[in-house]
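*Asks:* Sequence and computational prediction follow.
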Amino acid sequence: MVDFDLRSANARLRASNPLIQCITNTVVQQFSANVLLAIGAAPAMLDHEADAAQFTRIANGLLVNFGTATNQQFLAADAAIEASDADSKPWVLDPVSIGAVDFRTTRIHRAANSSPTAIRGNASEIAALAGVGLGGRGVDSTDEVDAVIPAAAELARTTGAIVAVSGPRDAIIAHIDGADHVARIDGGHSYMPLVIGTGCSLGAVTAAYLDGATTASAKFEAVVAAHAHFAVAGEAAAGGAQGPGSYSVNFLDALYALTGEQLATARVEAATIAGSANIGAQS
Amino acid sequence: MVDFDLRSANARLRASNPLIQCITNTVVQQFSANVLLAIGAAPAMLDHEADAAQFTRIANGLLVNFGTATNQQFLAADAAIEASDADSKPWVLDPVSIGAVDFRTTRIHRAANSSPTAIRGNASEIAALAGVGLGGRGVDSTDEVDAVIPAAAELARTTGAIVAVSGPRDAIIAHIDGADHVARIDGGHSYMPLVIGTGCSLGAVTAAYLDGATTASAKFEAVVAAHAHFAVAGEAAAGGAQGPGSYSVNFLDALYALTGEQLATARVEAATIAGSANIGAQS
Amino acid sequence: MVDFDLRSANARLRASNPLIQCITNTVVQQFSANVLLAIGAAPAMLDHEADAAQFTRIANGLLVNFGTATNQQFLAADAAIEASDADSKPWVLDPVSIGAVDFRTTRIHRAANSSPTAIRGNASEIAALAGVGLGGRGVDSTDEVDAVIPAAAELARTTGAIVAVSGPRDAIIAHIDGADHVARIDGGHSYMPLVIGTGCSLGAVTAAYLDGATTASAKFEAVVAAHAHFAVAGEAAAGGAQGPGSYSVNFLDALYALTGEQLATARVEAATIAGSANIGAQS
């Protein structure tokens, strides 16, 4: 069993004000930048192959999301991932659009095999990345989070990444010391999937929380804290919302207003997946 | 005379939750995605030449808008249009920025001659595409909607597309069974042109409503329903708005809240353009 | 000493409704377009090398910002800058991301040496461009505005541009008739740097105000008016804001609502930098 100190994770984020390089799709760049600013991080969307890797060495974390990838972004991501790995900096892979199209799917698999610190996606995307599903429709989830946990655990084992499955009840899976740990996080709101970028920006927030997390447990805690931040703020944002437009505005306000104390009230449950220690020992 | 069943058009949209591929300009991608989500459709902005056409075969409709087109987007659009035509899927052309610059104008004309299901633009853009005007200033309308109707009707005849002219009083023109039909739609608000993307996203909404419309009359009705959805929601959004910022938020809420019953209250007038049956027969 | 007639500057802007071509980063395109519409200008984000320069000849002003520059944008900017200079049209350089990465820094310096009408950036960016600092973290300011004024004045002398340093108290520096003039503008709000694009869009607004300003003094006044517009609206936007999300919405409303009379109430102080006339004469 793992115990999470979400308040400390948030305090570390606020103290470090991490600079997060986002090689991400153009649909969500503005929203992701505003989300990072709201939680106390700094965004930078440098994605040119000529200087992306140089910037990675300045940045504190990296997000890779090929949603509208150009050839420039594919090359920039290759270089930035290599620089992140060389400097042991955290980087997060968002496998959005996996499965739907072959060229992109190949590139996403290649990135997944380049030692991401975390992989964050919807259930259908994680299923497709793990080889047990066909992928989703854009950013929508078509499978259930619960059903994908075994495949996510296998993905965590094979890639070494913490695997985060976003949904009405998030599942964060980490393979630590031969055992599969899962944290479940309740929160958010039904308006959330109607606001473009709420999923993609969570990958950037995950990278921000990972800054300064050095142990496997601390990294697990960081990914959980990122999702808890969204879960609590996403719930609070519903107050006074008249629809997805006003919800989106409230959500940025709520992300900003959230204190470490409020984050610690997130509904998080942690468990060790039964029998996983043995499975881990065998692999 | 054509009679429109807007309530049924909306019910079909909500039942099918169509996946709309948007090859569109980066200025309006976020807004267009949020608009599609608000009306009950799903957005996907895949625009890489390596996989755009493969995605078109999964999607239910396509929007092509060259507002900030890259070479990648031009190639992706060529392939996606071909795939749409091959599968008889609906696709909408937005001729934004036509006339202003030669390279883009050439590409827009080429797309217009590739059997779009609908063409949606401002009066000045439609005039330029029809060869009777110089184009507009960005997304602004400089000509009047009324004045462009004869040219729009000619464009409908030559391209086979339903031609939608957006403005304070929209005009939708369809050439069906040798006659030119026009529907006029009142609504919206003066804040609307001050919110970037209200025009461009309407092209995406038009593609969404076209999903499942098989006959010429059903397609005409679908394009009218898309514009009516914007007209009614655009009027409702003015309530409580303090300026274009809050109007934009309200507009997304209003698009989401709109029921089929409310859509049916749109102020729509349909007519057959006098003498058009003869003109149609001669052409 | 220079005296500013901000009300007239605003009246000229509203009368001309200038069309501003923005070759700018994809993160802030939507926000910048909405800002331009709110103040009474028209945005156009044409940035393809095949037609950018042709469009420059139609437009009334140009913004160049390489925040997420592609090769296409670099080529488009080269051509658009050349067209602006040839036609004596105003253009504004935003040196965002200077210093952080070599390739981009080279391109920014090259643009700065191509006769921009104005250069607008944060203190750390202006310091880096002037060769006395290392650049900032994305769009954040790490140096103080006051400290960078001597370097900004030197930059104004060497480039011939009006140099605008954005911050809690903006500094606008112009080298006119052998003397360095500085205008200081108070206003805005602490939420402002938490909304992505408030800096980048100010560059576009500066280009809009520059339309029609022919003398050196009128250009100085125009840049001051642009910053005053943001300062006053940025202060007003805080009323009722619950965080950066609602502040952003209020800001667009406030930009739109601002009258020439209200603009004239901006807290602006102008001075001649002591001894600058001599320095100017020597250079």
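*Replies:* Perfect, thanks for sending it.
*Asks:* near chain B, which residues of chain A show up?
*Replies:* Counting by CB under 8 Å from any CB of the partner chain, the positions of chain A adjacent to chain B are A:25-28, A:30-31, A:67-71, A:97, A:100-104, A:137-138, A:140, A:193-197, A:242-246, A:248-249. For the C-beta atoms, the positions are set from N, CA and C on the backbone; glycine is no exception.
*Asks:* hmm, which of these are the buried ones?
*Replies:* The neighbour count (16 or more other CB atoms under 10 Å in any protein chain shown) marks A:25-28, A:30-31, A:67-70, A:97, A:100-101, A:103-104, A:137-138, A:140, A:193-197, A:242-246, A:248-249 as buried among these.
*Asks:* which non-adjacent residue is nearest the residue of the stretch 51-200 of chain A found nearest chain C?
*Replies:* Closest approach between the stretch 51-200 of chain A and chain C, counting by CB to the nearest CB: A:Asp51, at 3.5 Å. Once flanking residues are discounted, A:Asp51 sits nearest to C:Val101: 3.5 Å by CB to CB, 6 or more residues apart in numbering or on different chains.
*Asks:* hey, what's A:Cys22 bridged with?
*Replies:* A:Leu63 (DSSP bridges).
*Asks:* Quantify the burial of it by counting its neighbouring residues.
*Replies:* Other residues within reach of A:Cys22 by the criterion other CB atoms under 10 Å in any protein chain shown amount to 30.
*Asks:* likewise A:Ala216?
*Replies:* Neighbour count for A:Ala216, taken as other CB under 10 Å: 16.
*Asks:* can you check the one 4 residues further on too?
*Replies:* The tally of other residues near A:Phe220 (other CB under 10 Å) stands at 24.
*Asks:* Nearest spatial neighbour of it, chain-adjacent residues omitted?
*Replies:* Of all residues not flanking A:Phe220 in the chain, A:Ala174 sits nearest, at 4.1 Å (CB to CB, 6+ apart).
*Asks:* how close does that neighbour get to A:Thr272?
*Replies:* For A:Ala174, the distance to A:Thr272 (CB to CB, to the nearest Å) stands at 10 Å.
*Asks:* What segments of the stretch 101-250 of chain A are helices?
*Replies:* A:102-112, A:123-129, A:145-159, A:198-210, A:216-236, A:244-257 (DSSP state H, counting those that start in this stretch).
*Asks:* thought A:Ser217 was touching A:Ala179?
*Replies:* No: in this structure, A:Ser217 is not within contact of A:Ala179 by CB atoms under 8 Å, at 11.7 Å.
*Asks:* Among the helices of the stretch 101-250 of chain A, show me which one is buried the most.
*Replies:* Among these, the stretch with the highest mean neighbour count (mean count of other CB atoms under 10 Å in any protein chain shown) is helix A:198-210, at a mean of 29.
*Asks:* That one to helix A:244-257, inter-axis angle?
*Replies:* Here helix A:198-210 runs at an angle of 10 degrees relative to helix A:244-257 (axes from the mean of the first three to the mean of the last three CA atoms, to 10 degrees).
*Asks:* now for helix A:198-210, which elements pack on it?
*Replies:* Secondary-structure packing of helix A:198-210 (3 or more CB pairs under 8 Å, 6 or more residues apart in numbering or on different chains; DSSP states H and E): helix A:6-16, strand A:19-23, helix A:29-39, strand A:61-65, strand A:91-94, strand A:118-122, strand A:162-166, helix A:216-236.
*Asks:* Kind regards, and thank you for your time.
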